[in-house]
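> coordinates only, sequence not included:
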DNA sequence: CTCGGGATGCGT
DNA sequence: CGCATCCCGAGG
């Protein structure tokens, strides 16, 4: 299937987030090619978005978010899970889309309903932090041409972000069984 | 250097 | 609701 190109990611973050639904995340590991369909995402809109890591400015950790679009921003959360984001918009904009749930398509054994779980199932860890998603081992492709309704909700776990916590920046495929339960 | 807390998930 | 488990970022 056709790999998404740079210009797909170099667009408005909310548009990229919604368009990522239904696409296929592919990671080629030594054990085989792991593929999951993206069914849930969240948009993080840059340094002015108090829920975004980039709101703390350009630090060693967030440097990738400030970089060019189409790269993976992977970080460790609560000392035990990794979360994966796709960097969006032009360099310096520091926006990203968090991948929150996948529907297993190929070579996936473990659970994928949640950002930490899907990284474990896809073998995504800090080695892939900053990785270019136009590479040949880790990328996103077009999905099936199915029709679906997109549900919009507040983002999960960002109550600290004042009015930004209320914004409807979480998107998922209505009725999909693999959307995370929260 | 210390220290508080986190875009989580699971068990109670 | 508690907790695992550790890196980051702020402050001294």
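Right, received. Where do you want to start? Just so you know, these numbers come straight off a predicted model, no measurement behind them. Numbering: from 1, shown residues only, chains lettered A, B, ... in the order given.
> please, where are all the strands along chain A?
A:24-29, A:32-44, A:72-77, A:81-88, A:95-106, A:138-141, A:150-153, A:170-173 (DSSP state E).
> now residue A:52, nearest residue through space, not along the chain?
Spatially, and ignoring its direct neighbours in sequence, residue A:52 is nearest to residue A:44 (3.9 Å; Cβ to Cβ, 6 or more residues apart in numbering). For glycine as for every other residue, the C-beta is placed from the backbone atoms N, C-alpha and C.
> around DNA strand C, pick out the residues from chain A.
A:53, A:56-57, A:59-62, A:75-76, A:78-80 (Cβ under 7 Å from any atom of the strand).
> kindly reformat the strands of chain A as a markdown table containing distance to residue A:179.
As requested, the strands of chain A are exported to a markdown table (distance: least, Cβ to Cβ, whole Å):
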| stretch | distance to residue A:179 |
| --- | --- |
| strand A:24-29 | 15 |
| strand A:32-44 | 5 |
| strand A:72-77 | 19 |
| strand A:81-88 | 16 |
| strand A:95-106 | 5 |
| strand A:138-141 | 18 |
| strand A:150-153 | 8 |
| strand A:170-173 | 5 |
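> does the residue nearest to residue A:52 really touch residue A:99, like I thought?
No. In this structure, residue A:44 sits apart from residue A:99 without contact. The criterion is Cβ atoms under 8 Å, and the distance is 11.8 Å.
> joint contacts of those two?
In terms of Cβ atoms under 8 Å, 6 or more residues apart in numbering, residue A:44 and residue A:99 are both contacted by the residues residue A:85.
> end-to-end on stretch A:44-63?
Terminal residues of stretch A:44-63 are spaced 15 Å apart (Cα to Cα, to the nearest Å).
> if we look at it, which residues are touching it?
With Cβ under 8 Å, 6+ apart as the contact definition, stretch A:44-63 has outside contacts at A:13-14, A:65-66, A:73, A:75, A:85, A:89, A:93-98, A:155, A:158, A:160-162, A:164-165, A:169.
> could you do stretch A:30-40 as well?
Against stretch A:30-40 from outside (Cβ under 8 Å, 6+ apart): A:20-28, A:99-108, A:112, A:118, A:121-123, A:140, A:143, A:170-173, A:176, A:178-180.
> ok, the residue in chain A that DNA strand B sits nearest to - contacts?
Using Cβ to the nearest atom of the strand, the point where chain A gets nearest to DNA strand B is residue A:114, with a distance of 2.1 Å. Each residue near residue A:114 by Cβ under 8 Å, 6+ apart is listed here: A:100-101, A:180.
> dump the residues you listed into JSON lines; add neighbour count, distance to residue A:135 and pLDDT as well.
As requested, the contacts of residue A:114 are exported to JSON lines (neighbours: other Cβ atoms under 10 Å; distance: Cβ to Cβ, whole Å; pLDDT from 0 to 100):
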{"residue": "A:100", "neighbour count": "27", "distance to residue A:135": "23", "pLDDT": "98"}
{"residue": "A:101", "neighbour count": "25", "distance to residue A:135": "23", "pLDDT": "98"}
{"residue": "A:180", "neighbour count": "19", "distance to residue A:135": "27", "pLDDT": "97"}
